[in-house]
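Novice: build me a model from this:
(2 chains)
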Protein chains: 2
Amino acid sequence: MTEEKKGEMVVTPWEVSGDIDYRKLIEQFGTKPINQNVLEKMEKHAGYLHMQLRRQIFFSHRDLDWWLNQYEQGKPVGLYTGRGPSGPVHLGHLLPWFFTKHLQDVYGAELYFQMTDDEKFLLKDDRTLDQTIGYTYENALDLIATGLDPEKTHIISDTNDIQHLYRLSLEVAKRITYSTIKSLFGLKDSDNIGIIFYPAIQSVPCFLQSARENRKVAVLIPAAIDQDPYWRMTRDISEKMGYYKPAQIHAKFLPGLGSGGKMSASMPETAIFTIDPPEVARKKIMRAFTGGQPTIKEQREKGGNPTICSIYAYYFFLFEEDDHKLLELEQDCRSGNLVCGECKARLAKIIGSFLVDFQEKREKAKDVIDDFFIKPVD
Amino acid sequence: MTEEKKGEMVVTPWEVSGDIDYRKLIEQFGTKPINQNVLEKMEKHAGYLHMQLRRQIFFSHRDLDWWLNQYEQGKPVGLYTGRGPSGPVHLGHLLPWFFTKHLQDVYGAELYFQMTDDEKFLLKDDRTLDQTIGYTYENALDLIATGLDPEKTHIISDTNDIQHLYRLSLEVAKRITYSTIKSLFGLKDSDNIGIIFYPAIQSVPCFLQSARENRKVAVLIPAAIDQDPYWRMTRDISEKMGYYKPAQIHAKFLPGLGSGGKMSASMPETAIFTIDPPEVARKKIMRAFTGGQPTIKEQREKGGNPTICSIYAYYFFLFEEDDHKLLELEQDCRSGNLVCGECKARLAKIIGSFLVDFQEKREKAKDVIDDFFIKPVD
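Specialist: Okay, the predicted model is just below:
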């Protein structure tokens, strides 16, 4: 909905492009960096500090300190995140889901997970509801394969499970004017009335657990920062509705295998999908953009640059949990000890094994998928 | 949503006021008067011409001739009407419902009846959803008491039965821009996003039977003409959605017991509610505005004027089915034979008996109310 200039940073719910400066995003969105005090608490709760916190992959927040305090005081805490089901899931989607599973494990929290098949339908002329609902169920398999607890997970298909959302969405919608939506999301009078109403639907799971349990639950939303306008809108009305403002913890975007930009399903050659056969993933990795030199000779002499390397990013974000080994890898690259072909082949092997294992879990998820979808309250 | 000038005709989905000129409404809304040809067909189908057609209480239409042709060709025909549940039902609401029941009987048609408890909640700051949903069930008792067929009637509470509507509402909403809504309904940017989306919900029952039965059903909407903007909007997108445009048949408004204006729940002293005890109704009638002279003496000499008389209107619209007796009444009034007190007392007696009988049926409706609400398709 905004015009992109080459390289210029654009981060909205509908578009993420350009060179992303996360420090600038914190300023722009008015959030807070995750400080040492918060990290120490989270380390204490988990018994260790999760890789995505250690490496500042989750880098920004709103009221995370408050949410942790609620937990420490023995008050109920919940989690909410979601997905716009418009295609197959790639590693960039899995990244915050793995962290969400970690939070569920550590905090024993209920997770409400919204599949916005209505939004995805409303946004594109040539997309049918059958398609987006189809992806809801396909994508749910990936979510379940991350190891979430069926007792504490409530996946919502907006379209098929609307009876759980509509009442609260009316309470939200009554408090939000078109003017607000227009300025927050950059909508125009020529946009359809479905997409204008939609933010009310995305707001609901911030309050859903509280409404279902008839008590105020402190909700934390782990998600990428591009969804922020929804939570700013929601926070403005939360207290009027008798609920807590939702807290947020914001993740960086997993880069694609190309040069710059986040992993995106619209550039399938630079994205690794969970359903990619290992051989397909290997080919994408072997063709990836790296920080290496044009020739092996130059690489041996001058060394590579991991800072701009998409392959290094995959070790950093997902596939080398050991900080010491990651440092070694970085040093080997910079010194010219490690050449790109070798480094890629190693990653391809790791990702290949990951995919085989994940696809097995994804297959098993088909038997239990119903257990994970939202049920009426007893 | 529009400013009313004293006496000026205003007919919108949110306001009906002033002196209503039905011929002007036909021009203004671009509908057609019901002609002799259509009346003859309907008389043939029913075996008689219903009072509300004979007296041009239903006075205007769109594509009614087409709907009747579909019926004559043995093609499936359906009915759709509804109610905004914001208070108790009065005689003005019952008027088109009695005619709808007649249509259901004659044409064997399924009736989808929408209770817009979401709309009524969204329109007023101090109204709660519990209130409007409460009125949905209260008002349903009145609807059922008109004698509808439980096998062929599907009442929908927008809020509680949203799972039957949401999918189709998304299909509608995707095709309607805010610009369209703004110009059709006079909405403003400061209006809430719920009421902007709402027309998509009101549109759905035009297609619901077709979607549920997986065939194209010709739908006729018997309702007052103030709802017309919804159907103009719906007709514009019907064919793009693969359905027929809904046909309409428009009723006049039952006058209140005051001087001019339609019967309105917001002026309870001039409205007769179905739950009024006969004694309360009698008092309202005895205080009603009539076309009579200031004194009995003058009345005997000059006669009364039934044209402007609210009491005469009740005989005309509802309580004197016999055209001959109605004419006698009119003549007795004009000649001064009949004085207002006597005429009122007679009507109070008739309405009293009606209320006793109706309230008994309304009470019995409590036992079968569930049978009348929409169920999932087998």
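Novice: which helix or strand in chain A has the lowest average pLDDT?
Specialist: strand A:15-17 (a mean of 75; mean pLDDT, DSSP states H and E).
Novice: quickly run through the sheet partners of it, with directions.
Specialist: If you go by DSSP bridges, strand A:15-17 pairs up with strand A:10-12 (antiparallel).
Novice: thinking again about what came up before, now the element after the least confident helix or strand of chain A, going C-ward?
Specialist: helix A:22-29 (DSSP states H and E).
Novice: what's the following helix or strand after that following helix?
Specialist: Assigned by DSSP H and E, the successor of helix A:22-29 is strand A:32-33.
Novice: quick one: distance of stretch A:193-200 to the chain centre.
Specialist: Stretch A:193-200 sits 22 Å away from the centroid of its parent chain (Cα atoms, centre = their mean, to the nearest Å).
Novice: for the residue of the stretch 251-378 of chain A found nearest chain B, which non-adjacent residue is closest in space?
Specialist: With Cβ to the nearest Cβ as the measure, residue A:376 is the residue of the stretch 251-378 of chain A nearest to chain B, at 11.5 Å. Just so you know, the C-beta spots here come from the backbone N, C-alpha and C atoms, and that holds for glycine as well. Nearest residue to residue A:376, sequence neighbours excluded (Cβ to Cβ, 6 or more residues apart in numbering or on different chains): residue A:164, at 7.7 Å.
Novice: break down the stretch 151-300 of chain A into its helices, ranges please.
Specialist: A:166-173, A:178-185, A:193-203, A:205-213, A:228-238, A:278-286, A:296-302 (DSSP state H, counting those that start in this stretch).
Novice: format these as a markdown table; extra columns: mean pLDDT, mean neighbour count and distance to residue A:330.
Specialist: As requested, these are exported to a markdown table (pLDDT from 0 to 100; neighbours: other Cβ atoms under 10 Å in any protein chain shown; distance: least, Cβ to Cβ, whole Å):
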| stretch | mean pLDDT | mean neighbour count | distance to residue A:330 |
| --- | --- | --- | --- |
| helix A:166-173 | 98 | 25 | 46 |
| helix A:178-185 | 96 | 19 | 40 |
| helix A:193-203 | 98 | 26 | 39 |
| helix A:205-213 | 98 | 22 | 39 |
| helix A:228-238 | 96 | 21 | 31 |
| helix A:278-286 | 97 | 17 | 18 |
| helix A:296-302 | 93 | 14 | 15 |
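Novice: so which of those helices is nearest residue B:35?
Specialist: Nearest to residue B:35 among these is helix A:193-203; the distance by Cβ to Cβ comes to 36.1 Å.
Novice: which parts of the stretch 101-250 of chain A sit against chain B?
Specialist: Contact residues, the stretch 101-250 of chain A versus chain B (Cβ under 8 Å from any Cβ of the partner chain): A:118, A:121-122, A:129, A:159-160, A:162-163, A:166-167, A:169-171, A:173-179, A:181-182, A:187-194, A:196-197, A:199-200.
Novice: one more pass at 6 Å, please.
Specialist: Neighbours of chain B within the stretch 101-250 of chain A, by Cβ under 6 Å from any Cβ of the partner chain: A:118, A:121-122, A:159, A:162-163, A:166-167, A:170, A:173-174, A:176-179, A:181, A:189-190, A:192-194, A:196-197.
Novice: low pLDDT regions in chain A?
Specialist: A:1-7 (pLDDT under 70).
Novice: for it, what's the longest helix?
Specialist: Counting residues, the longest helix in chain A under DSSP state H turns out to be helix A:340-372.
Novice: so what secondary structure elements neighbour it?
Specialist: Contact here means 3 or more Cβ pairs under 6 Å, 6 or more residues apart in numbering or on different chains; DSSP states H and E; on that basis helix A:340-372 packs against helix A:129-145, helix A:278-286, helix A:310-314.
Novice: and it, which residues are buried?
Specialist: Buried residues in helix A:340-372, counted by 16 or more other Cβ atoms under 10 Å in any protein chain shown: A:340, A:343-344, A:346-348, A:350-352, A:354-355, A:358-359, A:362, A:365, A:372.
Novice: kindly report the same for stretch A:116-132.
Specialist: A:116-123, A:127, A:129, A:131-132.
Novice: would you turn these into CSV with secondary structure?
Specialist: Formatted as CSV, those follow (DSSP: H, G, I helix; E, B strand; the rest coil):
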residue, secondary structure
A:116, coil
A:117, helix
A:118, helix
A:119, helix
A:120, helix
A:121, helix
A:122, helix
A:123, helix
A:127, coil
A:129, helix
A:131, helix
A:132, helix
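Novice: can you lay out these as JSON lines showing distance to residue A:13?
Specialist: Formatted as JSON lines, these follow (distance: Cβ to Cβ, whole Å):
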{"residue": "A:116", "distance to residue A:13": "10"}
{"residue": "A:117", "distance to residue A:13": "16"}
{"residue": "A:118", "distance to residue A:13": "14"}
{"residue": "A:119", "distance to residue A:13": "9"}
{"residue": "A:120", "distance to residue A:13": "12"}
{"residue": "A:121", "distance to residue A:13": "15"}
{"residue": "A:122", "distance to residue A:13": "13"}
{"residue": "A:123", "distance to residue A:13": "10"}
{"residue": "A:127", "distance to residue A:13": "16"}
{"residue": "A:129", "distance to residue A:13": "20"}
{"residue": "A:131", "distance to residue A:13": "20"}
{"residue": "A:132", "distance to residue A:13": "16"}
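Novice: about what we covered before: tell me how many other residues surround the residue nearest to residue A:376.
Specialist: 25 (other Cβ atoms under 10 Å in any protein chain shown).
Novice: do I have it right that it meets residue A:374?
Specialist: Yes: taking contacts as Cβ atoms under 6 Å, residue A:164 lies within contact range of residue A:374: 5.4 Å.
Novice: quick one: residues contacting the residue in the stretch 201-350 of chain A that chain B sits nearest to.
Specialist: Closest approach between the stretch 201-350 of chain A and chain B, counting by Cβ to the nearest Cβ: residue A:201, at 9.7 Å. By Cβ atoms under 6 Å, 6 or more residues apart in numbering or on different chains, the residues touching residue A:201 are A:158, A:169.
Novice: roughly how far apart are it and residue B:202?
Specialist: 18 Å (Cβ to Cβ, to the nearest Å).
Novice: do the same with residue A:181
Specialist: On the measure of Cβ to Cβ, residue A:181 and residue B:202 end up 21 Å apart.
Novice: what do you get for residue A:310?
Specialist: 51 Å.
Novice: next: residue A:33.
Specialist: 48 Å.
Novice: hang on, residue A:99 packs against residue A:52?
Specialist: Yes: Residue A:99 is within contact range of residue A:52, at 4.7 Å (criterion: Cβ under 6 Å).
Novice: surely residue A:114 and residue A:205 touch.
Specialist: Yes: counting by Cβ under 6 Å, residue A:114 does reach residue A:205; the two are 5.2 Å apart.
Novice: ends of stretch A:154-163, how far apart?
Specialist: Start-to-end span of stretch A:154-163 (Cα to Cα, to the nearest Å) is 14 Å.
Novice: and the helices and strands packed on helix A:340-372: which comes nearest residue B:258?
Specialist: helix A:129-145 (49.2 Å).
Novice: and for that closest one, what's in contact with it?
Specialist: So helix A:129-145 is contacted by A:83, A:85, A:89, A:115, A:117, A:120-121, A:155, A:157, A:159, A:274, A:358, A:361-362, A:365, A:369, A:372 (Cβ under 6 Å, 6+ apart).
Novice: list the buried residues of it.
Specialist: A:129, A:131-133, A:135-145.
Novice: mind saving the C-alpha coords of that helix as CSV?
Specialist: The C-alpha coordinates for helix A:129-145 follow below in CSV (Å, rounded to 0.1, in the frame of the first residue of the first chain):
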residue,chain,number,x,y,z
LEU,A,129,-11.4,-18.2,0.4
ASP,A,130,-11.0,-21.9,-0.4
GLN,A,131,-7.3,-21.2,-1.1
THR,A,132,-6.6,-19.2,2.1
ILE,A,133,-8.6,-21.6,4.3
GLY,A,134,-6.7,-24.5,2.6
TYR,A,135,-3.5,-22.9,3.6
THR,A,136,-4.8,-22.4,7.2
TYR,A,137,-4.8,-26.2,7.6
GLU,A,138,-1.6,-26.7,5.7
ASN,A,139,0.2,-24.1,7.7
ALA,A,140,-1.3,-25.5,11.0
LEU,A,141,0.7,-28.7,10.3
ASP,A,142,3.9,-26.7,10.4
LEU,A,143,2.9,-24.9,13.5
ILE,A,144,2.1,-28.2,15.3
ALA,A,145,5.4,-29.7,14.1
